[in-house]
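Enquirer: Fold the stuff below for me.
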Amino acid sequence: DMNWIERRKDAYSHPDGVMPGTRSIVMAAMNYNDGSPPSGGGRVARYAWGSADYHEVLKPRLQQRAQLLRSESPTARSRVVIDTAPLLERDFGRFSGICWFGKNTMLISRSIGSWFVLGAVLTNLELEYDQPSDQNFCGSCTRCLDACPTDAFPEPGVLDARRCISYLTIELQGSIPEEFRDAIGNRIFGCDDCQLACPWNKFAKRFDEPDFRARNGLDQATLTELFAWTEAEFLQRTAALAELPQPPLVALADAPGRISAGMLAFLRESRRVDNRRMREELGVEPRDARLDDGIVASLADPRESRD
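Expert: I've put the predicted structure just below:
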């Protein structure tokens with residue numbers, strides 16, 4: 001599902017692949033942590049709580065920096081990049097001295113922890129360069145590794161994306177493998193567990209950006225409330241979740257209470273869900289016991305298949 005990385009590897013080899021003539025990169029980190037408690041109900045990664053896509057929040061700020069470069073040097077060319085081009089922003093973030101790579105492969109800053117998004121301004125100007133962040137301040141701590149529900153870290157600094165809940169609930173296009181379904185629990189978009197365990201985040205500075213505040217109760221909505229949204233409600237309320245390919249049904253199976261036949265009908269009629277996924281993710285042992293008898297029978301009935 002992430003073959004696009006392989007297809008674009010040549011472009012990643014040098015910033016010239018993004019903007020020919022690049023000689024300097026201005027890196028910026030924007031804090032999205034307002035200090036709110038972790039998500040409850042259907043758990044959504046903190047970066048996606050806000051009312052706006054983080055790309056749109058950071059972009060105008062970086063455009064101002066690009067304009068400043070042009071005002072200082074009329075011959076300056078620039079391009080703003082926020083996770084939208086084949087640029088290794090994380091590596092350049094470390095090269096800039098902003099942060100270091102933690103044992104969970106997240107970038108960590110001494111002042112704002114790991115609750116931040118990165119953006120870059122590429123320019124043809126040769127600027128004064130900062131020193132890379134060669135020092136790692138994680139020490140002997142392994143809390144982030146120990147907190148991972150799916151054991152996605154085979155060793156410190158190495159992430160097996162195939163086991164990562166963020167990959168499984170955002171990037172994966174097919175059904176979530178059965179071996180990870182219990183561990184995913186009520187997480188429906190991303191996972192913050194390794195960040196929540198990090199001591200650097202416990203003392204990180206807060207930043208109250210209105211666009212990053214949780215909206216529509218997304219940080220506390222129950223699973224059944226989220227799955228009951230109509231398509232129009234889904235599109236209206238999830239501007240920052242535009243990349244969500246399909247809801248992970250395994251999370252719904254873990255919801256408190258029973259799932260109604262009406263919910264099954266909604267899932268079946270939704271264009272984001274097909275019967276095969278419902279049977280695979282909701283119709284497996286031991287989860288059958290957590291569903292209404294009518295749902296179990298419907299999922300098992302081959303006449304119901306419309307794949």
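Enquirer: Tell me if residue 27 really is in a strand.
Expert: Yes - under DSSP: H, G, I helix; E, B strand; the rest coil, residue 27 falls within a strand.
Enquirer: Tell me what it is bridged to.
Expert: Using DSSP bridges, the beta-bridge partners of residue 27 come out as residue 120.
Enquirer: That one touches residue 118, doesn't it?
Expert: Yes - between residue 27 and residue 118 a contact is recorded at 6.6 Å, counting by CB atoms under 8 Å. Using the backbone N, CA and C atoms, a C-beta is placed for each residue, glycine as well.
Enquirer: what do these two both touch?
Expert: Both residue 27 and residue 118 are contacted by 89, 93, under the criterion CB atoms under 8 Å, 6 or more residues apart in numbering.
Enquirer: For the stretch 1-150 of the chain, which segments are assigned as helices?
Expert: Ranges of helices in the stretch 1-150 of the chain, per DSSP state H, counting those that start in this stretch, are 3-7, 9-12, 54-72, 89-95, 143-147.
Enquirer: next one: the last one to chain centre, how far?
Expert: Taking CA atoms, centre = their mean, to the nearest Å, the mean C-alpha location of helix 143-147 is offset from the chain mean by 18 Å.
Enquirer: contacting residues around it?
Expert: 102-104, 106, 153, 156, 193-199.
Enquirer: Out of these, which end up buried?
Expert: Among the contacts of helix 143-147, those classed as buried by 16 or more other CB atoms under 10 Å are 102-104, 106, 153, 156, 193-195, 197-198.
Enquirer: what would those look like in TSV with pLDDT and distance to residue 43?
Expert: Formatted as TSV, the buried ones among the contacts of helix 143-147 follow (pLDDT from 0 to 100; distance: CB to CB, whole Å):
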residue	pLDDT	distance to residue 43
102	97	21
103	98	22
104	98	17
106	97	18
153	98	20
156	97	25
193	96	9
194	97	14
195	96	13
197	97	15
198	97	17
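Enquirer: ok, those vs residue 80, which is closest?
Expert: Distance to residue 80, by CB to CB, is smallest for residue 106 among the buried ones among the contacts of helix 143-147, at 23.2 Å.
Enquirer: Burial check on the nearest residue in space to that closest one that is not next to it in sequence, number of neighbours?
Expert: Nearest non-adjacent residue to residue 106, counting by CB to CB, 6 or more residues apart in numbering: residue 114, 4.4 Å away. Neighbours of residue 114 under the rule other CB atoms under 10 Å: 21.
Enquirer: Out of the buried ones among the contacts of helix 143-147, which comes closest to residue 169?
Expert: For the buried ones among the contacts of helix 143-147, the nearest to residue 169 is residue 193 (12.5 Å; CB to CB).
Enquirer: Would you confirm that residue 112 contacts residue 32?
Expert: No - in this structure, residue 112 is not within contact of residue 32 by CB under 8 Å, at 9.3 Å.
Enquirer: ok, back up a step: got TSV for the helices of the stretch 1-150 of the chain, with distance to residue 181 and mean neighbour count too?
Expert: Shown next, in TSV, are the helices of the stretch 1-150 of the chain (distance: least, CB to CB, whole Å; neighbours: other CB atoms under 10 Å):
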stretch	distance to residue 181	mean neighbour count
helix 3-7	24	8
helix 9-12	32	12
helix 54-72	29	15
helix 89-95	29	18
helix 143-147	19	18
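Enquirer: Make JSON lines from the ones you listed and add mean pLDDT and distance to residue 135 to it.
Expert: Output for those, formatted as JSON lines (pLDDT from 0 to 100; distance: least, CB to CB, whole Å):
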{"stretch": "helix 3-7", "mean pLDDT": "70", "distance to residue 135": "29"}
{"stretch": "helix 9-12", "mean pLDDT": "76", "distance to residue 135": "26"}
{"stretch": "helix 54-72", "mean pLDDT": "93", "distance to residue 135": "26"}
{"stretch": "helix 89-95", "mean pLDDT": "94", "distance to residue 135": "11"}
{"stretch": "helix 143-147", "mean pLDDT": "98", "distance to residue 135": "18"}
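Enquirer: now those as a markdown table including distance to residue 132?
Expert: Shown next, in a markdown table, are the helices of the stretch 1-150 of the chain (distance: least, CB to CB, whole Å):
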| stretch | distance to residue 132 |
| --- | --- |
| helix 3-7 | 23 |
| helix 9-12 | 18 |
| helix 54-72 | 21 |
| helix 89-95 | 5 |
| helix 143-147 | 22 |
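Enquirer: Of all the ones you listed, which one is nearest residue 172?
Expert: Between the helices of the stretch 1-150 of the chain, helix 3-7 lies closest to residue 172; by CB to CB that is 12.7 Å.
Enquirer: For residue 120, give me its contacts.
Expert: If you count contacts by CB under 8 Å, 6+ apart, residue 120 has them with 25-28, 62, 80-82, 87, 89, 92.
Enquirer: which among those gets closest to residue 56?
Expert: Of all the contacts of residue 120, residue 56 sits closest to residue 82, with 9.0 Å by CB to CB.
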